[in-house]
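Asker: Sequence and predicted model, in that order:
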Amino acid sequence: MATTVNKLLDQARSWLGCKESNGTHKKIIDVYNGHKPLARGYKVKYTDNWCATFVSACAIKCNATDIIPTECSCGKMISLLQKLGVWEENDNITPKPGYIIFYDWDKKDGWPEHVGIVEKVNGNTITVLEGNKNNAVERRTISVGNANIRGYGKPKFISESETKPTATNKNVNVFYRVKTKKHGWLSEVKNLEDYAGYQDSPITDVAIKVDKGSIKYRVHVKGGNWLGWITGYDIKDINKYAGNGKAIDAIQIYYYTPDDIRPYKRAKYKTNYGWQYDTETKNNQDGYAGVFGKNVTKLYLEIV
């Protein structure tokens, strides 16, 4: 499973301000208690100390319990970190963001009383995200080497690059169909295997979908205006196709390339006239396909 440092910190930051006084801390404890098996079979109460529960809940939310063991006890969490081989009993090191910092306030028995997550280090100052600080999720600043620091858990995070999808140049198929005044809805067309339209009958409505990424489209009613953008594809649902039953004279189509496809792709389309790419207006493009005042009777479309 594992996670990145940034995901863990983002999760911890999202709970800043949660506190006992208004009960918002309960959702953190609920996350912990909802994860099975519970450490030592103990269900945390809303009235218990919950600093280690906070750290554990962050790990649970990030699917990182393989690198940050879940526990509601600070001392027991240290034992689990030792078993993973990621514990350093040293108050004098300069920690990195994401380290789990443990404190021994009373210095009586070596048992840690509190724990948090290192957010950042600026010079000699450590900023920590902590649950159950003043009965809330708050930040603390403390100096590197402070005698109250017992030591650190050093989770083995994955790098940001490992979480990014590998971008490849994949083919994208587009499927589309049109409705004409004379013939109703016509059969679906894939890419440029054919064109959508029949016997030069004016097109009134259009439906488009892709198998990767997403697409939006809209039509211009002859003698009227542009209708709203559509992202769906269902000829039985008036909200999932473009048109209102009247002849159209222009169409706009825009393709959104997903993160795992590079380089970026565009919708390439035309009606009875020249090719248009997305909604571009460069290189003598109009930003749409068609001519105002002239019926659209054919539609050609591919993703390139």
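Answerer: Right, received. Where do you want to start?
Asker: Contacts only, for Q276.
Answerer: 253, 268-270, 285-289 (C-beta atoms under 8 Å, 6 or more residues apart in numbering). No exception for glycine: its C-beta is placed from N, CA and C like everyone else's.
Asker: Can you tell me which of these are buried?
Answerer: For these, a burial check counting by 16 or more other C-beta atoms under 10 Å picks out 253, 268-270, 286, 288-289.
Asker: Of the contacts of Q276, which belong to helices?
Answerer: Among the contacts of Q276, no member falls in helices (DSSP state H).
Asker: Would you convert the residues you listed into a markdown table that also reports pLDDT?
Answerer: Listed next are these as a markdown table, based on pLDDT from 0 to 100:
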| residue | pLDDT |
| --- | --- |
| I253 | 98 |
| K268 | 98 |
| Y269 | 98 |
| K270 | 97 |
| Q285 | 95 |
| D286 | 96 |
| G287 | 97 |
| Y288 | 98 |
| A289 | 97 |
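Asker: Now compare the buried ones among the contacts of Q276 and name the two farthest from each other.
Answerer: Greatest spatial distance in these: K268 and D286, 14.3 Å, computed using C-beta to C-beta.
Asker: picking up where we left off before, could I get the contacts of Q276 as a markdown table with distance to K181?
Answerer: Shown next, in a markdown table, are those (distance: C-beta to C-beta, whole Å):
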| residue | distance to K181 |
| --- | --- |
| I253 | 22 |
| K268 | 26 |
| Y269 | 21 |
| K270 | 21 |
| Q285 | 28 |
| D286 | 24 |
| G287 | 26 |
| Y288 | 21 |
| A289 | 19 |
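Asker: Out of those residues, the closest to G123 would be?
Answerer: Nearest to G123 among these is G287, at 52.7 Å by C-beta to C-beta.
Asker: isn't that closest one right up against Y254?
Answerer: No - G287 lies out of contact with Y254 (C-beta atoms under 8 Å); the separation is 10.1 Å.
Asker: which residues are in contact with both of those two?
Answerer: Residues touching both G287 and Y254 (C-beta under 8 Å, 6+ apart) are T279.
Asker: which parts of stretch 58-70 are buried?
Answerer: Residues of stretch 58-70 classed as buried: 58-62, 64, 67-70 (neighbour count, 16+ other C-beta under 10 Å).
Asker: okay, how far is it across it, tip to tip?
Answerer: One end of stretch 58-70 to the other measures 10 Å (C-alpha to C-alpha, to the nearest Å).
Asker: Over to stretch 42-53?
Answerer: 11 Å.
Asker: how far does that stretch sit from the chain's center?
Answerer: 30 Å (C-alpha atoms, centre = their mean, to the nearest Å).
Asker: Just name the closest of the buried ones among the contacts of Q276 to N239, please.
Answerer: Nearest to N239 out of the buried ones among the contacts of Q276 is I253 (C-beta to C-beta; 17.7 Å).
Asker: and the residue lying closest to T297 once chain neighbours are set aside, how many residues sit next to it?
Answerer: If the residues on either side of it in the chain are set aside, T297 comes closest to D200, at 4.5 Å by C-beta to C-beta, 6 or more residues apart in numbering. Number of residues near D200 (other C-beta atoms under 10 Å) recorded here: 11.
Asker: do the one 10 residues further on as well
Answerer: Here the number of neighbours of V210 (other C-beta under 10 Å) works out to 20.
Asker: before we move on, what about S56?
Answerer: S56 has 26 neighbours, counted by other C-beta under 10 Å.
Asker: cool, Q252 as well?
Answerer: Look at Q252: counted by other C-beta under 10 Å, it has 22 neighbours.
Asker: what bridges to it?
Answerer: On DSSP bridges, the residues paired with Q252 through beta bridges are R218.
Asker: Verify the stated contact: it with Y217.
Answerer: Yes - with contact defined as C-beta under 8 Å, Q252 counts as touching Y217 (6.5 Å).
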